[in-house]
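# next comes the sequence, and after it the predicted model I'd like to discuss.
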2 protein chains.
Amino acid sequence: MSSYAAPLRDLRFVLEELLEHRSLRLPEYQELSEELVTAIIEEASRLAGEVWAPLNRRGDEQGCRLENGEVHTPTGFAEAYRAFAEGGWNGIGSDPAHGGQGLPEVVASAVQEMWHSANMALALCPLLTAGAVEALAQHGSEELKSRYLEKLISGEWTGTMNLTEPQAGSDLSMVRTRAVPEDAHYRLSGQKIFITWGEHDCADNIIHLVLARLPDAAEGNRGISLFLVPKFLVDEQGRLGKRNDVSCVSLEHKLGIHGSPTCVLSFGEHEGAIGYLVGEPGRGLQHMFTMMNAARHKVGIQGIGVAERAYQQARAYAAERVQGRTPEARGGRPAVLSEHYDVRRMLLSMRARLESLRALALLSASEMDHARHASTEDERQRAQQRADLYTPVVKAFSTDQAVDITSLGIQVHGGMGYIEETGAAQYLRDARIAPIYEGTNGIQALDLAGRKIYRDGGAVLSGVLDEVAACADALTAEAQLADLGVSLHQGVVDLRRAVAIVLARGDDSDALQALATPLLALTGHVLCAWQMGRAALIAQTALVTGDDEAFYRAKLASADFVLRQWLPIGRAQLAAIEANPGVLDEAW
Amino acid sequence: MSSYAAPLRDLRFVLEELLEHRSLRLPEYQELSEELVTAIIEEASRLAGEVWAPLNRRGDEQGCRLENGEVHTPTGFAEAYRAFAEGGWNGIGSDPAHGGQGLPEVVASAVQEMWHSANMALALCPLLTAGAVEALAQHGSEELKSRYLEKLISGEWTGTMNLTEPQAGSDLSMVRTRAVPEDAHYRLSGQKIFITWGEHDCADNIIHLVLARLPDAAEGNRGISLFLVPKFLVDEQGRLGKRNDVSCVSLEHKLGIHGSPTCVLSFGEHEGAIGYLVGEPGRGLQHMFTMMNAARHKVGIQGIGVAERAYQQARAYAAERVQGRTPEARGGRPAVLSEHYDVRRMLLSMRARLESLRALALLSASEMDHARHASTEDERQRAQQRADLYTPVVKAFSTDQAVDITSLGIQVHGGMGYIEETGAAQYLRDARIAPIYEGTNGIQALDLAGRKIYRDGGAVLSGVLDEVAACADALTAEAQLADLGVSLHQGVVDLRRAVAIVLARGDDSDALQALATPLLALTGHVLCAWQMGRAALIAQTALVTGDDEAFYRAKLASADFVLRQWLPIGRAQLAAIEANPGVLDEAW
C-alpha cells in the first residue's frame, strides 16, 4: 500500500521563498508567525499521512452503501472525519467570530492539498461544507448565521450544494425545484442529482443549500433563489429536532471517488422540505456563485493533491522495482526503474508540473488574502481582479493536468499500474471528476476568455504579463538561466497575441467559445512557467550559499523542464487560438 | 446504452481513395475484387454492431469469475465468440493452406478495428490467438503445425502468449520458468502472470505459447526457448485427451477490460506441464517477437477501435442533450450540446485524430502486405522497412491518443460521463491498458529511436519524409490548402532536425532514452499529418465533382484540424528532443 508524506519542503519553499509570506504581512495576520504556519502545516501532515491516507484504498474498495435511506460511508471514514473536525481543521480559513481559525487562504490551501492527497473522497466533505459556510456567511440573515454557521465551521455539521437536476447541468436556468412560502419558512419539493456528500453517517446534521424557484418566479436565471434546508430541523437553542422531508433515494455508481457518496436527493416527497431563504429572492445563482468561486479554487487544489499522491507512489515504485540494466557506460548492472532515463523523464514531468501548479494555486490564494485584507481599496481591488483571473485557470489547468499526471503514474508502474490493488489506477479514476464538477473546464475557459479577459479589454492579464516579462528579463540576465528567460519571453509574446485575438473576436460568442479552451491552456502554461522562472532565480541564488543543495538543484531541473520542455507545448496552443472558427461550423 | 456502427464510409475512404487499394494489386490478391472487400467489411460490421457491441457494458459489469479452476466469462461472450469463429472471422488474414481466408492485412486490420470498437475485452481473445498462429506458422515444426494450426486459425481453439513473470516484465531476460526434456516433449514448471484469456469457457482448447529455460540454458536472453503447452493434450488424430498440468490460480482485478480474463497461470504444480519446443532452443525471445510485432500493430488498431466507440457515443450524446442556448446571433434558442463551439471543438478533435490514426495504421498494414507479397525482393524489403518503422508508432501513438480521446469522450458528457452506467468511463478504463501491454509505449519509443532510426542512420525515415515533403508541396500548390502545406513542411523540417539529434546522440543510450518518447510523438504527429494532407488533396478534388459533399467537407475540416491545430503540438516536442538530457541526471 502506498504511503503519503506531505511535500513539506516544497510547500515551505512556495510559502516562504516564492511568496515571501506576503499574506502574513497583512495587518489581519500580524499575530501569525512564520513558525506557527510551519507548525500548523506539519501538524496537518501528520493527520493526513497517518489517519486519512491509510483509508484511501479501503474507501475506494468499499464505497458507500444506501440502506433504508441511510448512507454508510467506508469503515473508518466517520472516525477520520471526526478527528479532522475535532482538530479544528475544518474551519482553519473561517472567520474567528464564528469559531474559525481565521488563517490566511494561502495557508488553508497548503493544508487542503494534503487532505486531497491523503483521501480525495473524504476531503470532498469539508470542501462542500466550506462552500456552504461561504454562502451563508456572505448572504445569510443574522438568524441563519447564528443558528448554523458555528457548527458548519467546526465541522460538527457538514454542508452541501444542491444545484444540478436531471435537465439542468451546466445550464442552471433550467432548475425546476419549487419553494412555496409557509409562515416563516418555505416548503421545497423537487429532485437534485450529483449531490456530493448529500447523505452520510459522519456528522450529526447536514445543511443543504438548495437552488429552487418561488411560485411566482420569473423563468430563467432570475427566478432562482437560494434556500437552506437542514437534514434535521434545528430549534432556537440549536438543538436537533425532527427529520426534514429530504431523503437520499439513490447513490451514483461512479468511475472514482467511491468513498464520497454522490446522492440523488428528493426534497418534499411528503409534506415538503422546510427551507429558509438565503439572501434575496431571485438572486440564488449569484449567491451560489459565491460558493462556487471558492470551491473552484479548492477543486484546482484537489487536482494537485491527487496528482501529488500519484507522483509519490510512482516515484516510490520506480525506486524499488528492478527491471533491465543500466547502459554499459554506467556499468551494465541490474537497475531499478528510476535509473532508466525514459522513466526519469516521466517522473520529472510529473514533479515539475506539480510544483508549478502548486506555486500558481498558492499565488492565487495569496491574492484572495489581499483581496480581503489589504490596507487600501486599490490594493484590495487589484488583488481581487487577479484572484478572479487566476481562479478558472487554477481550476481547469490543474485538473486537466491532474488527469494526465495520474495517468502517467499508471504508466510508470507498467502492468502493475493496471491492477487495482496497486492503487495507481484509483488516482486516475478519482482525478477524472475534477475537470467536470464545479463548472466543467469548458465553462472555466469561457469564464476566462469572456468575463476575465474580453470584458476588461485584457487589462488585468496585461498587468500580470508585464510582471512575467520582467521575470523573463531577470532570467535572461543570469547567464545560466538565460535560455529559460528566452523561452518565458516567447510565452509572453504568444499570450499577448492570443489576447489580441480574443479582443478582436470577442463580440462573436461562437468564435470566443472556439478558442476558449486552448486559450486557458496557454494561459496556464505561461502562468506556471512564470512561477517556475521565479523559482529558478531563487534556487540559483540559494545554491550560492549552498544550503539544501539537492532541493535547489531539483528545483532548477523542474524549472528547466517547465520552461524549456513544457511551455513550448502550451505555446503550440496559439495555433488553435488563431485558427478560423469556421472549421467548427459543420453540423454534428 | 450506446450503439455502435462501424465507420464504413471512412474505412472505404482510406482503403479505396487514400491507399487506392494498393494491396489488391499484388499478384497474391488478384482474385480479390474491391466489391468483395466492401462486402466483407459490411458483413463484419453487422456482427460487430449487432452481436458484439451490445455485450460490451455487460462484460464490464459482470467481469470474469474463477471457480474451481474454471473461468466463467460474461454471459453471452461464449456465444458471441463462437458466432465470430463460425463466421470465419478469426482467420481472415491467415494462410489458406491451413484454412485461413488469406485476405490482405489491410483488410484484416480494417475489420479488426470493428471488433475492438464493439467489445475490446472480447476482441483480445482472437488478438492473442493471431499471435500464436504467427509464431507457430513461422517457427513451429510441421508436426506442430499440422496438429494445432488449423484449429487456431478457425478459432475453434484459442491461443495465449506467456511471457511475463512477477520478476520479469519488460525485461524478459529474467524469465525463470523451467522446461525439462522428457521423451519427445518437455515438462514445464513455473508461474506466468498477466496472461490474457489464459483460461476461459469460450473454446474447447487453449494453446499456450510459453517462454521458459532449458536446464542447461545460458543466463539472460539467450537461454530462453519457446514452448507450446496445450490446455488439453491433443493426440495424433487431433482428438482432445487429458488435462495438462497448467491451471489458472487467480484472476487479476483490473482497471478495465473486465470481460477479458487476465490470469495467473501455474505450470507444473503436479507432474509438470507437457510442452513442445517451438523453433530453436535459445531463440525463444526472437520467436516470440514474431508474435509481438504483429500484436503491436493490432494493439494500435485496438486503441483506434476503442476511441472510435468513445467518439460515437460522445457525438450521439452531444446531439441529443439540450443544455444552454445558442448565441443571440444564432437565434438564442435552446441548444443541444453539439451546437456549442467548445463541444464541437472536442468532437472535431476526437474525430480528426481518429481519422488520421486510422489512415496511418492501414498504411502500415498495406506495407506489411507488400513486405510479404510484392514482386521483387527490393520492393519487399523496402515495404518491410517501412512497416518496421511504422509499427512502434502505430502501437504507441494510437494508444496514447486513445487514452486522451476516451477521456475527452467523458468530458463531452459532463457529469453523466463520470457515472458508470453511461458507458463513457468504460472506454477510458479499457483504453488505459493499451499503452502498457505488448511492450510499454516507452519500449516502443526506444525501438523507434534505436533500432528503427539510429541503426540505419535515419535512412528509411528520410525516404518517408521525402514523400511527406512532396505532399506538403502539393498542398502548397493548391491555393485553398496552401496553409496546410506550410504547416506540414514545418513538421518535416522539425522531424529531420530530430533525426539529426538522434544520430548525434545515439551512442549514448541514456541520451537516446531521454528523447525517445518525445521523438515518437513528433514522428506520429508528422506521419498522421501526412496522411491527412493526402486526404485533403483527395477531398478537395472530390468536392469539384460534388458527390458526397458532406463527407469530403468534414474530411477537409479534419485535415485542417490535424495539420494546423494538432501538428503544432507535436512539433513542440522538438524542444524536449533538443533538451539537454543532463536535466534528468539527478538521483530519484
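Done, it's in. None of these values were measured; they are calculated from a predicted model. Numbers count the residues shown, from 1 in each chain, chains lettered A, B, ... in the order given.
# okay, CA-based contacts and neighbour counts for the rest of this
OK.
# what pairs with the strand of greatest length in chain A, and is each one parallel or antiparallel?
Longest strand in chain A, counting residues (DSSP state E): strand A:185-196. Applying DSSP bridges, strand A:185-196 is found paired with strand A:178-182 (antiparallel), strand A:262-267 (antiparallel), strand A:273-278 (antiparallel).
# quick one: closest of those to residue B:391.
Set against residue B:391 and scored by C-alpha to C-alpha, the strands paired with strand A:185-196 come closest in strand A:262-267, at 43.5 Å.
# tell me which stretches of the stretch 351-500 of chain A form helices.
Along the stretch 351-500 of chain A, counting by DSSP state H, counting those that start in this stretch, helices occupy A:377-412, A:424-431, A:441-446, A:459-477, A:482-505.
# tell me the first helix or strand C-terminal of the last one.
Pointing back at helix A:482-505 there. Next along the chain after helix A:482-505, taking DSSP states H and E as the criterion, comes helix A:509-545.
# tell me what angle that next one forms with helix A:377-412.
Angle, helix A:509-545 to helix A:377-412, by axes from the mean of the first three to the mean of the last three C-alpha atoms, to 10 degrees: 80 degrees.
# just how off-centre is helix A:509-545 within its chain?
Put simply, helix A:509-545 sits 17 Å off its chain's centre (C-alpha atoms, centre = their mean, to the nearest Å).
# flag every buried residue along that helix.
Within helix A:509-545, the residues that count as buried by 16 or more other C-alpha atoms under 10 Å in any protein chain shown are A:509-540, A:542-543.
# and the contacts of the longest strand of chain A?
Residues from elsewhere that reach strand A:185-196, judged by C-alpha atoms under 8 Å, 6 or more residues apart in numbering or on different chains: A:124-125, A:128, A:160-166, A:176-181, A:212, A:252, A:260-269, A:271-277, B:415.
# from those, keep the buried residues only.
Here, 16+ other C-alpha under 10 Å leaves A:124-125, A:128, A:160-165, A:176-180, A:212, A:252, A:260-268, A:272-277, B:415 buried among these.
# contact residues of the stretch 51-200 of chain A facing chain B?
Proximity of the stretch 51-200 of chain A to chain B (C-alpha under 8 Å from any C-alpha of the partner chain) is limited to residues A:167, A:168, A:169, A:170, A:171, A:194.
# what's near enough to touch the closest residue to chain B within the stretch 401-550 of chain A?
In the stretch 401-550 of chain A, the residue that lies nearest chain B is residue A:419 (4.5 Å; C-alpha to the nearest C-alpha). Residues near residue A:419 by C-alpha under 8 Å, 6+ apart: A:425, B:252, B:253, B:254, B:255.
# neighbour-wise, give me the winner out of the residues you listed.
residue A:425 (28 neighbours; other C-alpha atoms under 10 Å in any protein chain shown).
# now do residue A:165 against residue A:193, distance only.
In this view, residue A:165 and residue A:193 are 5 Å apart by C-alpha to C-alpha, to the nearest Å.
# again, but for residue A:50
33 Å.
# and residue A:385, by the same measure?
On the measure of C-alpha to C-alpha, residue A:385 and residue A:193 end up 33 Å apart.
# who's more crowded, the two?
For residue A:385 versus residue A:193, the count of surrounding residues by other C-alpha under 10 Å is larger for residue A:193: 25 against 18.
# quick check: closest non-adjacent residue to that one.
residue A:264 (4.4 Å; C-alpha to C-alpha, 6 or more residues apart in numbering or on different chains).
# is it correct that residue A:206 is in contact with residue A:233?
No: using C-alpha atoms under 8 Å, residue A:206 makes no contact with residue A:233, being 10.0 Å away.
# neighbour count winner among the two?
It is residue A:206, of residue A:206 and residue A:233, that has more neighbours when counted by other C-alpha under 10 Å, with 24 against 20.
# show the pLDDT at that one.
Looking at residue A:206, its pLDDT stands at 98.
# surely it forms part of a strand?
Yes: the assignment for residue A:206 by DSSP: H, G, I helix; E, B strand; the rest coil puts it in a strand.
# name whatever forms a beta bridge with it.
Counting by DSSP bridges, the residues bridging with residue A:206 are residue A:158.
# how near is it to residue A:231?
Taking C-alpha to C-alpha, one finds residue A:206 at 5 Å from residue A:231.
# same deal with residue A:512?
For residue A:512 relative to residue A:231 (C-alpha to C-alpha), the value is 42 Å.
# what about the strands in the stretch 1-150 of chain A?
Ranges of strands within the stretch 1-150 of chain A are A:65-67, A:70-72, based on DSSP state E, counting those that start in this stretch.
# just the buried residues of helix A:509-545 that are near chain B?
A:509, A:510, A:511, A:513, A:514, A:515, A:516, A:517.
# let me see the contact set for the last one.
Taking C-alpha under 8 Å, 6+ apart as the contact definition, residue A:517 lies against A:441, A:442, A:445, A:446, B:342.
# helix, strand, or coil at residue A:316?
Reduced to three states by three-state DSSP, residue A:316 is helix.
# what's the pLDDT at it?
Taking residue A:316 on its own, its pLDDT is 97.
# next one: it from residue A:5, what distance?
Per C-alpha to C-alpha, residue A:316 is found 12 Å from residue A:5.
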